[in-house]
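A.B. asks: Model the following, please.
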Amino acid sequence: MDEYFGFKKRVEEEHGFSFGFDYNALLQVASESLGEDIAAGGVFRAFGQWTLVRRDTGNTGSLVYKVESRHSLGTDIPPKDLGFEIGYAGLTAVTFSDIGWALTNLYWEQRLWNNLVAFVFGVVDTTDYVDTYSLVDPWSDFNNLAFSTDPTIPAPDQGLGAAARILFMDHFYILGGLADANGDPTDSLEGFHTFFEVAEYFSHLEIGWVASYDRRFTDNVHLTAWYVDPRKEMQVPSGWGLAFSMNFLVVETWQPFVRAGYADGGDSLWEGSVSIGLGYHLRRKSDLLALGLNWGRPSKVTFGPGLNDQYTMEVFYRVQLLRVLTLTPDVQIIINPALNPDEDLISVFSIRGRLSF
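C.D. replies: Take a look at the predicted model:
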């Protein structure tokens, strides 16, 4: 595929347009279940960025897009639904749903003053920039929501929104914004009605430290505050919360992290969460072995009172088989699943593949 990748590079250099495609597939099998115990799903994505303003400077303006097709693969449920089937008050997989075609990104990104200030507006995905860290990517890192974003943050589905980031003193930043709390990536035109007329928003503010802008994901400490308006039609109360995250890349190999979150109201899955973990990069960082441990308390607002705390462990090994192909075996151990009190421990075995080109 050298000619294809060479063509992509020339298009980006000559026209400022970068593009790509990938197909992701996930199979999950649970050791015990109240209903379905197997789920498989696939996601095709087409994405790109067209830099239209001042390409040769630090003050670029770019149009960013992403279109996806999310679907089940021969099973009655997609992986995103497996957690509730086994009685787990959480998600054993985040992005592998069966919503069909969706517009998940279509926004303008503008950088100013040599990238000291940047902002986005349009169809956004808040999980791209709210409470992120180096192992947050559900396509290549952890499957469980406990280690991808945060179950205490009721991040809305993709929809209209805006955010801005200010970097100062080379190491500190402030990031804030709002997004449509009723976002629906399968009906983007309806988003104009829900954003401007329904006007129920998810708002966030983050203050953090980074070792440098280039290492903003690998060496990062931040505190995130959020607030969500009451969603009257969905009968969901307002809510607020805090999330803390700290992770570092040690000797370019080890990636320890500590993350915690608290939620009061809203439609968060959990009201309390603490995660610790470690990633280990192998084969010149092409492969990754990672372990995560989590304590979580399900939200009384979402699930009702009296549920047990849950404990989650996940370990995966991502291997780069080819330039365009990665394969990730994964095991999750769930202790005291809150919605299945008859089971003390449930295992979820996964295999994920990604073809990117």
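
A.B. asks: gap between the residue nearest to N336 when sequence neighbours are not counted and I38?
C.D. replies: Excluding its sequence neighbours, the residue lying closest to N336 (C-beta to C-beta, 6 or more residues apart in numbering) is N308, at 4.8 Å. In this view, the C-beta of every residue, glycine as well, is placed from N, C-alpha and C. With distances taken as C-beta to C-beta, to the nearest Å, N308 is found 25 Å from I38.

A.B. asks: Could you pull up the residues touching R259?
C.D. replies: With contacts defined as C-beta atoms under 8 Å, 6 or more residues apart in numbering, R259 is in contact with 131, 133, 147, 150, 243-247, 273-276.

A.B. asks: buried subset of those?
C.D. replies: Buried subset of the contacts of R259 (neighbour count, 16 or more other C-beta atoms under 10 Å): D131, Y133, F147, D150, A243, F244, S245, M246, N247, S273, V274, S275.

A.B. asks: Minimum pLDDT in those, which residue is that?
C.D. replies: Minimum pLDDT for the buried ones among the contacts of R259 is recorded at D150 (93).

A.B. asks: Would you reformat the contacts of R259 as a markdown table and include distance to A164?
C.D. replies: Shown next, in a markdown table, are those (distance: C-beta to C-beta, whole Å):
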| residue | distance to A164 |
| --- | --- |
| D131 | 16 |
| Y133 | 20 |
| F147 | 27 |
| D150 | 21 |
| A243 | 19 |
| F244 | 22 |
| S245 | 20 |
| M246 | 23 |
| N247 | 23 |
| S273 | 27 |
| V274 | 30 |
| S275 | 28 |
| I276 | 31 |
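
A.B. asks: and those, which of them are in strands?
C.D. replies: A243, F244, S245, M246, N247, S273, V274, S275, I276 (DSSP state E).

A.B. asks: So what sits opposite the second one in the bridge?
C.D. replies: With DSSP bridges applied, the residues forming beta bridges to F244 are L223, A260.

A.B. asks: show me the contacts for it.
C.D. replies: H222, L223, T224, V258, R259, A260, G261.

A.B. asks: gap between the residue nearest to the last one when sequence neighbours are not counted and W240?
C.D. replies: In this case it means G261. The spatial neighbour of G261 that comes closest, neighbours along the chain excluded (C-beta to C-beta, 6+ apart), is T152 at 3.4 Å. As judged by C-beta to C-beta, T152 and W240 stand 11 Å apart.

A.B. asks: my read: G20 touches Q49, true?
C.D. replies: No: judged on C-beta atoms under 8 Å, G20 makes no contact with Q49 at a distance of 9.6 Å.

A.B. asks: The two: which is more packed in?
C.D. replies: Neighbour count, other C-beta atoms under 10 Å: between G20 and Q49, Q49 has more, with 19 against 13.

A.B. asks: avg pLDDT for the helix or strand harbouring that one?
C.D. replies: Assigned by DSSP states H and E, Q49 belongs to strand 38-53. In this model, strand 38-53 has a mean pLDDT of 97.

A.B. asks: got the buried residues for it?
C.D. replies: I38, A39, A40, G41, G42, V43, F44, R45, F47, G48, Q49, T51.

A.B. asks: Report all helices and strands that the longest helix along the chain contacts.
C.D. replies: Across the chain, the longest stretch assigned as helix under DSSP state H is helix 2-15. Secondary-structure packing of helix 2-15 (3 or more C-beta pairs under 8 Å, 6 or more residues apart in numbering; DSSP states H and E): strand 17-30.

A.B. asks: Kindly recompute the last result at 6 Å.
C.D. replies: With contacts defined as 3 or more C-beta pairs under 6 Å, 6 or more residues apart in numbering; DSSP states H and E, helix 2-15 has no helix or strand neighbours.

A.B. asks: Can you list the buried residues in it?
C.D. replies: K8, E12.

A.B. asks: relative orientation of it and strand 38-53 in degrees?
C.D. replies: Inter-element angle recorded for helix 2-15 and strand 38-53: 40 degrees (by axes from the mean of the first three to the mean of the last three C-alpha atoms, to 10 degrees).

A.B. asks: what's helix 2-15 in contact with?
C.D. replies: F17, S18 (C-beta atoms under 6 Å, 6 or more residues apart in numbering).

A.B. asks: Leaving out the residues flanking it, which one is nearest to I166?
C.D. replies: I174 (5.0 Å).

A.B. asks: what secondary structure does the one you found sit in?
C.D. replies: strand (DSSP: H, G, I helix; E, B strand; the rest coil).

A.B. asks: hey, C-alpha coordinates of the helix or strand harbouring Y227 in CSV?
C.D. replies: According to DSSP H and E, Y227 maps onto strand 220-228. What follows is strand 220-228, C-alpha atoms only, in CSV (Å, rounded to 0.1, in the frame of the first residue of the first chain):
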residue,chain,number,x,y,z
ASN,A,220,-1.1,15.5,32.0
VAL,A,221,-2.7,16.4,35.3
HIS,A,222,-6.1,18.0,35.3
LEU,A,223,-9.3,18.7,37.2
THR,A,224,-12.6,18.8,35.2
ALA,A,225,-15.9,20.3,36.4
TRP,A,226,-19.2,19.7,34.6
TYR,A,227,-22.8,20.7,34.8
VAL,A,228,-25.8,19.4,32.8
